[in-house]
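[1] attaching a predicted model along with its sequence, questions to come.
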Amino acid sequence: MNLKRILSLCGILLLAGCSLHRPEPVELGFDLPDEYRRVAAGEPSVAGEFWWQQFGDHRLDQLMTELFAENLGLERAMARLQQARASLRGARSSQLPTVTGSGQASRDRSATDLLTETAQGSVSVAYELDLWRKYASRSTAASLEAEATAADARALFLSLSAQLADLYFLAVEQHAQLELITANQTAFRDTLERVTRRYQAGLTGAVDVYQARQNLLAVDARRPAIEARLAAAEHAIDVLLGDYPGIGSADRIEKLPEAPARFDAGLPANLLLRRPDVQAAFARLQASDARLAAAIADRMPAVNLLGTLGRTSTELITGPLTGDFWSLLAGVALPIMDGGRRRAEVDRQEAVRRETLAGYRQTVLNAFREVEDSLVANRTTEQHITILVDQADAAESSLRLALDNYLNGLSDYLPVLVAQAGQISTQSQLLSARRQLVSDRITLAKALGGHWMEDALTRRMSVEQD
């Protein structure tokens with residue numbers, strides 16, 4: 001078979017080139033419900049992608065801006081994304097011809113003092129026909145890995161925004177707990193002074209004074225733990241913003257807001273499009289399919305083309321001798337024996353795909369679980385707050401009545417002692433429950449995902465590239 005026929009055959013194979021592997025359809029392994037099982041009919045919802053703006057806290061908005069610009073975890077994610085995109089460019093380059101230039105010069109003197117000068121330059125082009133889409137599949141896998149890495153970055157934006165908001169409102173709650181402690185210390189000191197005056201007047205025994213002082217000291221004992229939690233939350237915020245712990249926390253305390261209405265959960269089917277971790281898992285599943293296709297194609301014959309074009313010049317005693325030269329070579333390499341290496345790689349990639357498929361299904365299930373859990377948490381915390389509000393009203397009335405009865409000599413000090421302890425405990429629980437509801441809203445926003453992270457990622461990447 002002459003060269004022309006070989007090239008014609010290679011061209012036909014190139015045009016008809018196809019992958020030897022077809023991706024299998026992805027099955028979740030379970031049926032999606034029409035709606036979340038924990039959503040009650042007529043539940044309120046809040047529109048808007050930037051969910052933290054629903055809390056109406058301008059300081060939190062500012063911190064989010066700082067977070068997206070300064071967080072070191074995001075900086076690492078941007079570097080990983082740049083690595084993935086560089087790998088993609090490298091994979092795509094394998095589909096292009098390789099062009100190499102070469103040149104050489106020599107000068108020789110013979111035994112008869114004959115001087116000969118020779119110069120030669122050439123350009124070589126090498127190309128492997130991607131008949132079985134081996135290189136195309138590797139390029140596809142690299143592209144999907146880049147997509148998955150970008151989705152990882154979006155997931156990090158979502159996770160960090162929720163973490164910052166949760167820490168911020170935890171710090172706000174601890175600040176409010178300190179204010180509650182201060183108010184109760186003032187009230188308990190006043191009660192201690194009244195009891196002391198009654199003791200000095202001979203109207204009560206010393207045990208009442210000791211009990212009143214015990215109540216005051218019990219309130220004092222709450223402060224150190226709250227201060228420690230406040231400091232830890234503020235330090236964590238500083239680190240999220242790329243600062244040394246304790247540098248910028250002093251001006252971050254605002255009033256604990258009322259939790260906004262529950263975020264709209266939407267339809268379960270939409271969650272697959274809103275969760276970046278699910279998108280990353282699906283992209284990696286597709287990438288494993290592409291790598292499997294490349295491994296199968298690697299077992300097939302490879303057709304290589306090599307062309308060289310050059311010019312040579314030789315200075316002889318009779319004058320210069322110059323001329324052009326060229327060559328065209330077509331070669332076929334067929335794997336015959338490699339000890340089973342290529343077959344083992346195919347088996348490995350098949351196992352990788354099964355593992356990735358299981359991981360994708362697990363990611364999807366976890367995403368739905370997080371939404372269902374968050375819906376339950378939001379509803380039950382709301383119910384808990386309703387009960388605590390009634391309990392706080394009852395505790396305040398009980399304390400007022402017990403203190404009046406004691407000061408009027410109608411009862412001993414024990415009911416006052418019990419009522420004071422019950423009131424501060426209920427007030428503290430109510431503060432914690434209101435902050436927990438805010439946290440539940442944040443968790444639900446995180447579980448539902450969104451699309452705002454794409455804009456945030458684009459802005460951050462533009463900054464990195466400047």
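    Nice, I can see it.
[2] which stretches in the stretch 101-250 of the chain count as strands?
    Counting by DSSP state E, counting those that start in this stretch, the segments of the stretch 101-250 of the chain that form strands are 115-129.
[3] tell me where the model's unsure across it.
    Low-confidence segments of the stretch 101-250 of the chain (pLDDT under 70): 109-115, 248-250.
[4] all helices of it, in order?
    Counting by DSSP state H, counting those that start in this stretch, the stretch 101-250 of the chain has helices at residues 134-200, 206-240.
[5] those helices: which one's closest to Gln53?
    Taking C-beta to C-beta as the criterion, helix 134-200 is the member of the helices of the stretch 101-250 of the chain that comes nearest to Gln53, at 10.7 Å. C-betas here are computed from N, CA, C, even on glycine.
[6] would you mind writing the CA trace of stretch 381-399 as PDB?
    Written as PDB, here are the backbone C-alpha positions of stretch 381-399 (Å, rounded to 0.1, in the frame of the first residue of the first chain):
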ATOM      1  CA  THR A 381     -37.400  26.300  67.300                       C
ATOM      2  CA  GLU A 382     -40.300  28.600  66.600                       C
ATOM      3  CA  GLN A 383     -42.500  26.500  68.800                       C
ATOM      4  CA  HIS A 384     -39.800  26.500  71.500                       C
ATOM      5  CA  ILE A 385     -39.700  30.300  71.500                       C
ATOM      6  CA  THR A 386     -43.400  30.500  71.800                       C
ATOM      7  CA  ILE A 387     -43.300  28.400  74.900                       C
ATOM      8  CA  LEU A 388     -40.300  30.200  76.400                       C
ATOM      9  CA  VAL A 389     -42.100  33.600  75.900                       C
ATOM     10  CA  ASP A 390     -45.000  32.400  78.000                       C
ATOM     11  CA  GLN A 391     -42.600  30.800  80.500                       C
ATOM     12  CA  ALA A 392     -40.700  34.100  80.800                       C
ATOM     13  CA  ASP A 393     -43.900  36.000  81.500                       C
ATOM     14  CA  ALA A 394     -44.900  33.500  84.100                       C
ATOM     15  CA  ALA A 395     -41.400  33.700  85.700                       C
ATOM     16  CA  GLU A 396     -41.500  37.500  85.900                       C
ATOM     17  CA  SER A 397     -44.900  37.400  87.500                       C
ATOM     18  CA  SER A 398     -43.800  34.700  89.900                       C
ATOM     19  CA  LEU A 399     -40.800  36.700  91.000                       C
END
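[7] what's that stretch in contact with?
    Residues outside stretch 381-399 that contact it (C-beta atoms under 8 Å, 6 or more residues apart in numbering): 416, 419-420, 422-423, 426-427, 429-430, 433-434, 436-437, 440.
[8] hmm, 6 Å instead?
    Counting by C-beta atoms under 6 Å, 6 or more residues apart in numbering, the neighbours of stretch 381-399 from elsewhere in the structure are Ala419, Gly422, Gln423, Thr426, Gln429, Leu430, Ala433, Gln436, Leu437, Asp440.
[9] distance between it and the chain's centre?
    Centroid separation between stretch 381-399 and its chain, computed with C-alpha atoms, centre = their mean, to the nearest Å, is 38 Å.
[10] and stretch 166-179, by the same measure?
    Chain-centre distance of stretch 166-179: 25 Å, with C-alpha atoms, centre = their mean.
[11] tell me which helix or strand the nearest residue to Leu430 once chain neighbours are set aside sits in.
    Beyond its immediate neighbours in the sequence, the residue positioned closest to Leu430 (C-beta to C-beta, 6 or more residues apart in numbering) is Leu388, lying 4.5 Å away. Leu388 is located in helix 341-407, with elements delineated by DSSP states H and E.
[12] got the angle for that helix vs helix 134-200?
    For the pair helix 341-407 and helix 134-200, the angle between their directions (axes from the mean of the first three to the mean of the last three C-alpha atoms, to 10 degrees) equals 10 degrees.
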